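J.: need a structure here:
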Amino acid sequence: SVATARWTGEMRVGPAQPGLTAGAPWTHPIWEVHRKVNAQDPFNDGDLRLWTDPTGYWGSNSTPMSPLQGGERVSTGWEGYLQPAYRNRFTIDSVGRIYTIDGEGRLREYNWQPDTRTWRNPLGDVIDTGWGRFDSITASGDGVLYARTPAGNLFRFQYDHNTSTWTQRDKEAGAGWNAYTSITSPGGDILFGSGSKKNGKPVVRWHRYLSEFDAWAPRDADGLGAVVLDNTTYGADTRLQATPNMCSLRR
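T.: Purely as a prediction, here's the structure:
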């Protein structure tokens, strides 16, 4: 269940349907770091917008949604995550927590309270430091984070929110991950990477970490993830998103 973000002038911080056209209603919230579209756009660069569609009304509309339709401004000051160097330094886990790496290399966690429509802490809770060494983070479950260095080394972390402690830190998860321009997850230690090519064509690749064996599921012959989608339609730079709670581990 991979979807692509194709709304002009915006970046996704969460799941998105392809263009939000007819027949594509959703129930999971969409988070958007906004980039101002034009002078008529009432939103500014760096506005964090929350999109919800519990009725499926938008998905039943006969025309694609405009970037200015819907979307509630719930925070400001996120414009740094529109910069190429920071665009992969945020992610959402399976229960809706937003994680970011800030300019000082601190890992922050943001918790939106839907009942009161407020933030538990608008500035985000600092849960770790020293994350400036990573250029990409991807949540893949409740408190599970994968972090990549610019050299392409991947590390697995797991944070226990009940005890506010790390149950796993800096678990080596392989090299070569800089082959991807973006990495996303539907949960369950499954990662999708985009930006690589197969036979000269952009593709989407699938990875699955098997924690019980401390190993990855079999990969493609070229050493990268198994090819699951020809991405020629959208191109190698397309940022993928998957609903972050679609998959979970069964014990």
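J.: name whatever forms a beta bridge with His215.
T.: Residue 215: Ala, not His. Beta-bridge partners for Ala215, by DSSP bridges, are Leu210.
J.: where's it relative to His207, distance?
T.: 11 Å (CB to CB, to the nearest Å). (Glycine included, C-beta is placed from N, CA and C.)
J.: quick one: which of those two has more around it?
T.: Neighbours per residue (other CB atoms under 10 Å) separate Ala215 from His207, with His207 holding more: 24 against 11.
J.: give me every residue that touches that one.
T.: His207 is in contact with Ile190, Leu191, Phe192, Gly193, Trp216, Ala217, Arg219, Gly225, Ala226, counting by CB atoms under 8 Å, 6 or more residues apart in numbering.
J.: state the helix or strand in which the spatially most central residue of the chain lies.
T.: Centroid check for the chain by CA atoms, centre = their mean gives Thr91 as the closest residue, at 4.3 Å. For Thr91, the element it lies in under DSSP states H and E is strand 90-92.
J.: next SSE after that strand?
T.: Taking DSSP H and E, what comes next after strand 90-92 is strand 98-101.
J.: after that next one comes which helix or strand?
T.: Counting by DSSP H and E, the next helix or strand C-terminal to strand 98-101 is strand 107-110.
J.: and that next one, what other elements does it pack with?
T.: Where contact means 3 or more CB pairs under 8 Å, 6 or more residues apart in numbering; DSSP states H and E, strand 107-110 is packed against strand 98-101, strand 125-128.
J.: given the last one, what are its sheet partners and their directions?
T.: The sheet places strand 125-128 alongside strand 107-110 (antiparallel), with pairing taken from DSSP bridges.
J.: how about the partner strand as CSV, C-alpha atoms only?
T.: Extracted C-alpha coordinates of strand 107-110, given in CSV (Å, rounded to 0.1, in the frame of the first residue of the first chain):
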residue,chain,number,x,y,z
LEU,A,107,15.6,14.1,18.3
ARG,A,108,12.3,15.7,19.1
GLU,A,109,8.9,14.0,19.5
TYR,A,110,5.6,15.8,18.9
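J.: do I have it right that Ile101 meets Ile137?
T.: Yes - taking contacts as CB atoms under 8 Å, Ile101 lies within contact range of Ile137: 6.3 Å.
J.: where do the contact lists of the two overlap?
T.: Joint contacts of Ile101 and Ile137 (CB under 8 Å, 6+ apart) are Arg89, Phe90, Leu107, Trp131.
J.: by pLDDT, give me the weakest of the residues you listed.
T.: Looking at those by pLDDT, the weakest one is Phe90, with 89.
J.: which strand residues bridge it?
T.: According to DSSP bridges, beta-bridge pairing links Phe90 with Thr100.
J.: tell me the spacing between it and Thr138.
T.: Separation of Phe90 from Thr138 (CB to CB): 10 Å.
J.: same thing with Ile92?
T.: Ile92 sits at a distance of 10 Å from Thr138 (criterion: CB to CB).
J.: quick one: low-confidence parts of this protein?
T.: Within the chain, the segments meeting pLDDT under 70 span 1-28, 53-70, 231-251.
J.: if we can go back for a sec, which two of the shared contacts of Ile101 and Ile137 have the greatest separation?
T.: The distance between the two most remote of the shared contacts of Ile101 and Ile137 (CB to CB) is 11.6 Å, for Phe90 and Trp131.
J.: the two - which one has more neighbours?
T.: More crowded of Phe90 and Trp131, by other CB under 10 Å: Phe90, with 26 against 21.
J.: for burial, what's the neighbour tally of Pro122?
T.: 11.
J.: what residues are up against it?
T.: So Pro122 contacts Ser75 (CB under 8 Å, 6+ apart).
J.: sec struct for it, please.
T.: Using DSSP: H, G, I helix; E, B strand; the rest coil, the structure places Pro122 in coil.
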